[in-house]
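J.: Got a predicted structure here, sequence first:
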Amino acid sequence: MNSDVAIPFLDLVTPHVELEEELTALFRRVLHSAGFIGGPMVENFETAFAEFCDVRHAIAVNSGTDALRFAIIASGIQAGDVVLTVPNTFIATTEAISQARAIPEFVDVDEQTYNMSVVMLQRYLEKKCVRDKSGRLVSLHSGRPVTTIIPVHLYGQMADMDRILELAEEYNLIVIEDACQAHGAEYFSKKHNRWMKAGSMGRAAAFSFYPGKNLGACGEAGAITTNDSSMAEKMKMLRDHGQSRKYYHDIEGYNGRLDALQAGILQIKLGHLKNWNELRRARALEYNRLLADCDAIRLPWEPSWSRGVYHLYVIRTNERENMMKHLKDAGIGSAIHYPVPLHMQRAYLSLNHSVGDFPVTESCAAEIVSLPMYPQLTSGQQEKTAAAIISFTNLQKDSTEERLGTLITADRSA
């Protein structure tokens, strides 16, 4: 817990203290078995996580970035292929694309969900691509073939997967989910007439178990989910130097294995994840209630087809820096996810984008604030956070009215 604030943005101490006996016993088992890499702990977690996500296979790896990179490679995407994603995400999404030797191109996000805009995706496919002589879809921006869509389930809410998958089918594109913030999130699919889990709808999906995630390790960890058995086998080889069995290398791979200790920690926590997610949803509803009459901010929006798991609770305000300072002065933590869109990062100057290319993303990046959100957050802490936000917005309103009054008085005097 951050000792500088009374209400931390994220509390990683309390849940581990609550599970201390189980985690300590696990550590002792690992020490006494010396089973540090692979083995039953990893396999058991893979089985449990696949069941949780309603898929046939889960492949444990050492980070969410590796999970996405291995999924891209195993799906058959070639060097130089264009992979469509959003600029409103963490750079790991595009790093994985680039490291698989593909090219990231961007589609703007929806104004309400902050996930990939299906309208903008369709516009990109119709207006920013052509068919070459062989019938391949080619990007007018890069001149390279477009093969893949990676929607990001940002902040714990799923993108509009039915419509994305429909467009993918129409244009013969692969869909890989970036579910790194969406463990347990659900989407109501009209096509299947049922709720479906994040990680179960694309050809494959990537999850991160970075410590601050809804399901977090005590270090780096990740997993790929898929219903494609051949992809699963290839990803198992990719994570382990391309080995089909020890010292037999069918392909050249990577060192992307998950430590057994982290797998054991994740399996213990997985048993609590459903309850933790329900608590996050309850906390989000409470924020919504407490801040319902605060017109100066925009609250998160959850469409009817979504059951978000609120990895983050993100509001928008035109007075972000001043609000964050006000919260800090009140002993309340907050954060920004993410202040600089990917198309404006120096790392991607070669993609030749300009300010204004993705206006919704740019507007969000200038206004978003993440409030404290975790299962152990108390109602009292939420009330104090909401009260601080309301007091700030009232101060801003009073200040604005005072300035307007001064201007009116000065105008009349003139």
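T.: Happy to help now that I have it. Numbering: from 1, shown residues only.
J.: Where does the prediction get shaky in the protein?
T.: For the chain, the stretches flagged by pLDDT under 70 are 1-5, 398-414.
J.: mind running it again at 50?
T.: When residues are selected by pLDDT under 50, those of the chain lie in 1-3.
J.: okay, now the domains of it?
T.: Following automatic domain parsing, one gets these domains for the chain: 14-270, 273-398.
J.: P8: which of those domains is closest?
T.: Closest of those to P8 is domain 273-398, at 4.8 Å (criterion: CB to CB). Glycine gets a C-beta too; all of them are placed from N, C-alpha and C.
J.: which one of the domains of the chain has the most crowded surroundings?
T.: The highest average neighbour count among those, using mean count of other CB atoms under 10 Å, belongs to domain 14-270 at a mean of 20.
J.: returning to that earlier point: can the domains of the chain go into JSON lines with extra columns for distance to A6?
T.: Below are the domains of the chain laid out as JSON lines (distance: least, CB to CB, whole Å):
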{"stretch": "domain 14-270", "distance to A6": "14"}
{"stretch": "domain 273-398", "distance to A6": "4"}
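J.: can you tell which of those is closest to I7?
T.: domain 273-398 (4.6 Å).
J.: Just give me the residue right at the centre of the protein.
T.: Nearest to the geometric centre of the chain sits Q181, at 3.4 Å (CA atoms, centre = their mean).
J.: For A205, see how far away it is.
T.: Using CB to CB, to the nearest Å, we find Q181 at a distance of 12 Å from A205.
J.: now do M116
T.: Counting by CB to CB, the gap from M116 to A205 is 14 Å.
J.: Next: I149.
T.: 13 Å.
J.: about what we covered before: so the residue nearest to the centre of the chain makes contact with G156?
T.: Yes - counting by CB atoms under 8 Å, Q181 touches G156, with 5.4 Å between them.
J.: so what's in contact with the two at the same time?
T.: 214, 311-312 (CB atoms under 8 Å, 6 or more residues apart in numbering).
J.: quick one: which of those residues is nearest K236?
T.: N214 (25.0 Å).
J.: and that closest one, that's in a helix?
T.: No - judged by DSSP: H, G, I helix; E, B strand; the rest coil, N214 forms no part of a helix; its state is coil.
J.: what's the nearest residue to it if we skip its chain neighbours?
T.: Leaving aside its sequence neighbours, N214 sits nearest to H183 (CB to CB, 6 or more residues apart in numbering; 4.6 Å).
J.: ditto for P211
T.: L12 (5.8 Å).
J.: so how many other residues sit close to the one you found?
T.: Residues lying near L12 (other CB atoms under 10 Å) number 15.
J.: Checking my notes, it in a strand, right?
T.: No - the assignment for L12, made by three-state DSSP, is coil rather than a strand.
J.: quick one: D293 from I224, how far?
T.: In terms of CB to CB, D293 sits 44 Å off from I224.
J.: Kindly report the same for Y155.
T.: 21 Å.
J.: what's the answer for I73, then?
T.: Applying CB to CB to I73 and I224 gives a distance of 11 Å.
J.: Repeat that for I103.
T.: 21 Å.
J.: returning to what we had before: so what sits against both of I149 and A205?
T.: Joint contacts of I149 and A205 (CB under 8 Å, 6+ apart) are I176.
J.: residue contacts, T225?
T.: Neighbours of T225 in contact, by CB under 8 Å, 6+ apart: 49-50, 53, 55, 57-59, 179, 199-200, 204-205, 207.
J.: For it, which non-adjacent residue is spatially closest?
T.: G199 (4.1 Å).
J.: so E22 sits in a strand?
T.: No - counting by three-state DSSP, E22 is located in no strand; its state is helix.
J.: was I right about it contacting K269?
T.: No - counting by CB under 8 Å, E22 does not reach K269; the two are 9.3 Å apart.
J.: Can you report how many residues neighbour I7?
T.: I7, neighbours per other CB under 10 Å, totals 23.
J.: Quickly note the distance from it to C294.
T.: 18 Å.
J.: Next: E367.
T.: 14 Å.
J.: go on, K246?
T.: Distance from K246 to C294, by CB to CB: 60 Å.
J.: again, but for R56
T.: 45 Å.
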